[in-house]
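1. Sequence and computational prediction follow.
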Amino acid sequence: MVLTKDFNETVKEKLQKSGAFRRALLKEAIQCMIDGDLETGKSVLRKYVNATVGFVQLGADLGRSPKVLMRMLSASGNPQARNLFELVSYLQKREGVVMKIVDRAA
């Protein structure tokens, strides 16, 4: 089967059109990181940022270089927790969501 559209372009279009899809992808990225899969979490966050706010605007809003933010979310990036949490906090506010950790054992 031949794909007629690049997968990343398809995801980008869906993210731009669907708030529910954006929130689900952001939640998935954060959940991956909480579960210890930092590499997947960073990769998903990178796709999310590219398709939504973009690294140039993100850098301007956070007072950081877009290139530094791109490296932070790259496969070889090793972001400090402070920087990663600042980024996640910004994205939550921008998306209008608050994500919480729930203790299911309680």
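-> That came in fine, so what should we check first?
2. Please make it C-alpha for all contacts and neighbour counts, starting now.
-> Fine.
3. can you count the residues close to residue 31?
-> A count of nearby residues for residue 31, using other CA atoms under 10 Å, gives 17.
4. ok, now which ones touch it?
-> residue 41 (CA atoms under 8 Å, 6 or more residues apart in numbering).
5. repeat for residue 10
-> Here residue 10 is in contact with no residue (CA under 8 Å, 6+ apart).
6. pretty sure residue 77 is touching residue 71, no?
-> Yes. Using CA atoms under 8 Å, residue 77 is in contact with residue 71, at 5.4 Å.
7. Leaving aside the residues adjacent along the chain, what's closest to residue 75?
-> Leaving aside its sequence neighbours, residue 75 sits nearest to residue 39 (CA to CA, 6 or more residues apart in numbering; 6.4 Å).
8. For the one you found, pull up the helix or strand it's in.
-> helix 38-51 (DSSP states H and E).
9. quick one: what helix or strand has residue 64 in it?
-> Counting by DSSP H and E, residue 64 is part of no helix or strand.
10. Could I get the contacting residues of the residue sitting nearest the centre point of the chain?
-> By CA atoms, centre = their mean, the mean C-alpha position of the chain lies nearest to residue 45, the distance being 2.2 Å. Going by CA under 8 Å, 6+ apart, residue 45 touches 26, 29, 73.
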